[in-house]
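*Asks:* sequence isn't available, so here's the structure alone:
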């Protein structure tokens, strides 16, 4: 694994911890609503963590190209020409990463990281690149 890929992995783990804390807080706030309805409880338990993760990531990337994890690891997500990604780009990237990108990895493990770990398939698809700052 390349050095930049290691930093990216650590950044995602930090972001996951933050999203988990937010998700647990929201879940606790909604506990009274979901207690009365078992199906709502199942939906919240299944979808809420994912939606919170994607939403937090998209908003943070849109604002300055960095999530908390990226900032702590000294990374920044940018478009190919150096601009901050749009909220739509960041959200689509997160959805692609957590769904279809797995198949890209299974098809081509060696080429998944690109040359230096700056462009994974979910970055290339939306013309984004991760740079060290």
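*Replies:* Perfect, thanks for sending it. Owing to the predicted nature of the structure, the values given are computational and were not obtained by experimental measurement.

*Asks:* all the strands of the protein, in order from the start?
*Replies:* Remark: strands assigned in the chain by DSSP state E are 75-79, 128-132.

*Asks:* ok, which of these comes nearest residue 102?
*Replies:* Residue 102 lies closest to strand 128-132 among the strands of the chain, at 18.3 Å (Cβ to Cβ). For every residue, glycine as well, the C-beta is placed using N, CA and C.

*Asks:* by how many degrees do that closest one and strand 75-79 diverge?
*Replies:* Angle, strand 128-132 to strand 75-79, by axes from the mean of the first three to the mean of the last three Cα atoms, to 10 degrees: 150 degrees.

*Asks:* how much space between the residue lying farthest from the centre of the chain and residue 101?
*Replies:* Distance from the centre of the chain peaks at residue 36, with 32.1 Å (Cα atoms, centre = their mean). To residue 101, residue 36 is 38 Å away according to Cβ to Cβ, to the nearest Å.

*Asks:* try residue 78
*Replies:* 19 Å.

*Asks:* again with residue 22
*Replies:* Residue 22 sits 23 Å away from residue 101 when distances are taken as Cβ to Cβ.

*Asks:* higher neighbour count, the two?
*Replies:* More neighbours surround residue 101 than the other of residue 22 and residue 101, with 19 against 16 (other Cβ atoms under 10 Å).

*Asks:* okay, now the closest residue to the more buried one other than its chain neighbours: neighbour count?
*Replies:* Nearest residue to residue 101 in three dimensions, chain neighbours excluded: residue 122, at 4.7 Å (Cβ to Cβ, 6 or more residues apart in numbering). Counted by other Cβ under 10 Å, the residues lying close to residue 122 total 19.

*Asks:* now do the same for residue 122: its pLDDT.
*Replies:* On pLDDT, residue 122 comes in at 94.

*Asks:* enumerate every residue touching it.
*Replies:* Residue 122 makes contact with 93-94, 96-97, 101, 104, according to Cβ atoms under 8 Å, 6 or more residues apart in numbering.
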